[in-house]
Structure formats: structure tokens, C-alpha cells
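# Requesting a structural model of the entry that follows:
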Amino acid sequence: MTHPLEDPIDEARRIAEAAKSKKLGLKLLGGAGIHLHSPSAGHPPLKRKYGDLDYAMSKRDRKAALDFFPSLGYEANERFNLMQGDRRLYFYDSHNSRQVDVFIDVFRMSHVIDLRGRLEHDGPCASPSDLLLSKLQIYEINRKDLVDLVALVLDHPVEAGWGDEVIDSGYLARMAAQDWGLYRTLQVNTEKLRAILDELDVDRELVRSRLDELWRAVEAQPKPLKWKLRAQVGDRMQWYELPEETRSPYQPE
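Presented below is the predicted three-dimensional model:
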């Protein structure tokens with residue numbers, strides 16, 4: 001049996017090649033996805049180490065994924081996959097003590113991001129827009145997440161319209177207008193993103209101007225009555241979820 005590679009980026013590339021040969025529509029998310037999409041993530045001060053791998057795929061590929069990852073040396077979390085496998089799958093690399101998390105159709109963490117219809121493009125990663133959204137929606141965002149986001153924004157212009165090389169301001173504005181809670185988390189985390197720029201030797205003005213462009217679109221997007229009513233309640237009511245960590249059966253307590 002082949003073993004997963006020690007370096008998670010090399011392993012992500014191996015999985016991408018294998019998925020392409022099997023016509024399996026896996027799209028890489030998270031820091032590793034940003035690394036493959038953003039050259040700036042491969043150089044200081046934005047270069048960092050990566051751990052687990054996160055993917056998204058459509059429901060039609062679920063059955064194939066259950067065979068695919070074991071064929072690459074992963075062990076399925078059978079109990080989790082039996083109970084939650086209609087929306088999420090877990091596999092474990094016991095060789096490198098690393099986990100693979102596969103979201104099916106919907107990315108659900110601090111907020112719910114429906115990815116149906118957004119995973120059909122070529123390439124191994126989710127679009128820059130979805131990579132940004134998947135990081136910026138984390139309520140308990142950390143420095144590594146913020147560094148990843150700086151790399152992503154540094155390397156991709158903000159424009160209205162779909163594209164695999166742009167951050168789609170129209171899409172992000174529509175998502176924020178559907179859910180005040182998501183809007184609020186994006187707002188809080190964008191301020192944290194602006195703050196961390198002062199610590200990093202990057203083109204700060206370029207990043208700031210792109211964030212400004214994004215937020216012009218978000219604020220200009222018409223908001224429905226439901227959104228406005230929730231906005232009046234504001235922070236007095238919790239607007240995010242705190243996702244539970246799923247422990248591999250091979251990990252110590």
C-alpha cells in the first residue's frame with residue numbers, strides 16, 4: 001500500500017493528480033488550498049507549515065471518495081462516516097498523524113456556506129472567493145488564518161464576476177446579504193486582517209485597497225428585511241456556531 005507523503009503540500013498535489021485521473025471533483029480548501037493558489041504563501045513572511053487537509057466535493061462523488069482515500073493509504077473514520085457521511089467524511093493518515101476532512105456540498109463551520117454549483121471548475125482548489133470565505137467565516141480566527149488571507153488577497157484582484165483568478169466581490173456581497181451573522185463575522189475578521197498588516201512586510205496598500213473594494217460591494221448590496229431585523233438585535237444574540245473538533249479514533253485523548 002502507498003503511504004501519504006510527509007509534506008502536506010506534496011500530499012495535496014498527489015491527491016490532486018490521483019483525483020484528476022479518477023475524474024473525482026475534489027477541491028482543496030484551507031491553508032493548503034491557499035498555498036497552491038497563491039504564490040505569496042510560499043515565501044516569507046507568509047510562508048508557514050500546514051497540518052490537516054480539508055476538501056469540498058459534490059454529493060455525487062461521495063461513494064467514489066469512500067474508495068478513493070483508502071486507496072491512497074488513508075483509514076476511514078467508519079463511525080463518523082456512517083453517522084455524518086451525507087454531509088461530511090473523515091479519513092486518517094496514521095503514517096503522518098494527519099486528518100482529511102471532506103465537506104459534501106455544504107461547508108459548515110462557524111457559518112454555513114452552500115457550495116453546490118461552485119465546484120465544477122478545473123483545478124485542484126476551491127475558487128479564490130470560496131477560499132477567502134471559508135477562512136474569513138471562522139469566528140475564532142487565528143494568526144495562521146489571517147496570514148493565509150493576506151496571501152490570498154495579495155495575489156488575487158477583487159472584481160465582480162466569477163473567475164478562478166479573482167475574488168468575486170459580487171458573490172461575497174450576496175452571501176453577506178443573505179445572513180447578517182455571516183456579515184458580522186466577515187466584518188470583525190476583516191478588521192483583524194487589516195490590523196495584522198502592520199506586522200507583515202508585504203504590499204499593505206494593495207491588500208487594504210482590495211479589502212476596501214470588497215467592502216464597498218458588501219455594503220452596497222441590498223439587504224432583505226430579515227437581515228435588517230437581525231441587525232437591530234446585533235451582538236446581543238450569538239450569531240455564529242462553534243464547531244466541535246472531531247477526534248480521530250487513532251488520536252490520543
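
# Spell out the residue ranges of the strands in this protein.
In the chain, the strands defined using DSSP state E lie at 27-28, 53-57, 75-76, 88-93, 98-104, 106-108, 112-114, 158-159, 167-168.

# Mind putting the ones you listed into JSON lines with mean pLDDT, mean neighbour count and distance to Leu193?
All C-beta spots, glycine's among them, are computed from the backbone N, C-alpha and C. Listed next are those as JSON lines, based on pLDDT from 0 to 100; neighbours: other C-beta atoms under 10 Å; distance: least, C-beta to C-beta, whole Å:
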{"stretch": "strand 27-28", "mean pLDDT": "98", "mean neighbour count": "25", "distance to Leu193": "21"}
{"stretch": "strand 53-57", "mean pLDDT": "97", "mean neighbour count": "24", "distance to Leu193": "20"}
{"stretch": "strand 75-76", "mean pLDDT": "96", "mean neighbour count": "18", "distance to Leu193": "36"}
{"stretch": "strand 88-93", "mean pLDDT": "97", "mean neighbour count": "22", "distance to Leu193": "27"}
{"stretch": "strand 98-104", "mean pLDDT": "97", "mean neighbour count": "21", "distance to Leu193": "23"}
{"stretch": "strand 106-108", "mean pLDDT": "96", "mean neighbour count": "17", "distance to Leu193": "19"}
{"stretch": "strand 112-114", "mean pLDDT": "97", "mean neighbour count": "15", "distance to Leu193": "18"}
{"stretch": "strand 158-159", "mean pLDDT": "97", "mean neighbour count": "19", "distance to Leu193": "13"}
{"stretch": "strand 167-168", "mean pLDDT": "98", "mean neighbour count": "24", "distance to Leu193": "13"}
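
# Out of the ones you listed, which is closest to Ser127?
strand 167-168 (7.5 Å; C-beta to C-beta).

# Can you give me the distance of Arg116 to Ala195?
Per C-beta to C-beta, to the nearest Å, Arg116 is found 34 Å from Ala195.

# hmm, back to that, okay if I get the strands of the chain as a markdown table plus distance to His35?
Shown next, in a markdown table, are those (distance: least, C-beta to C-beta, whole Å):
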| stretch | distance to His35 |
| --- | --- |
| strand 27-28 | 9 |
| strand 53-57 | 11 |
| strand 75-76 | 25 |
| strand 88-93 | 18 |
| strand 98-104 | 15 |
| strand 106-108 | 18 |
| strand 112-114 | 20 |
| strand 158-159 | 20 |
| strand 167-168 | 16 |
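
# Quick one, which of those gets closest to Gln238.
Of all the strands of the chain, the one in closest proximity to Gln238, counting by C-beta to C-beta, is strand 112-114 (14.7 Å).

# Direction included, what does that closest one pair against?
Sheet neighbours of strand 112-114, with direction, are listed as strand 106-108 (antiparallel) (DSSP bridges).

# Tell me the gap between the partner strand and the middle of its chain.
10 Å (C-alpha atoms, centre = their mean, to the nearest Å).

# Identify all contacting residues around it.
Here strand 106-108 makes contact (C-beta atoms under 8 Å, 6 or more residues apart in numbering) with 29, 56, 87-88, 112-116, 130, 134, 241, 243.

# For the lowest-mean-pLDDT helix or strand in the chain, buried residues please.
Scoring the helices and strands of the chain by mean pLDDT, DSSP states H and E places helix 78-84 at the bottom, with a mean of 93. Within helix 78-84, the residues scored as buried using 16 or more other C-beta atoms under 10 Å are 80-81.

# show me the contacts for Ala19.
25-26, 68, 124.
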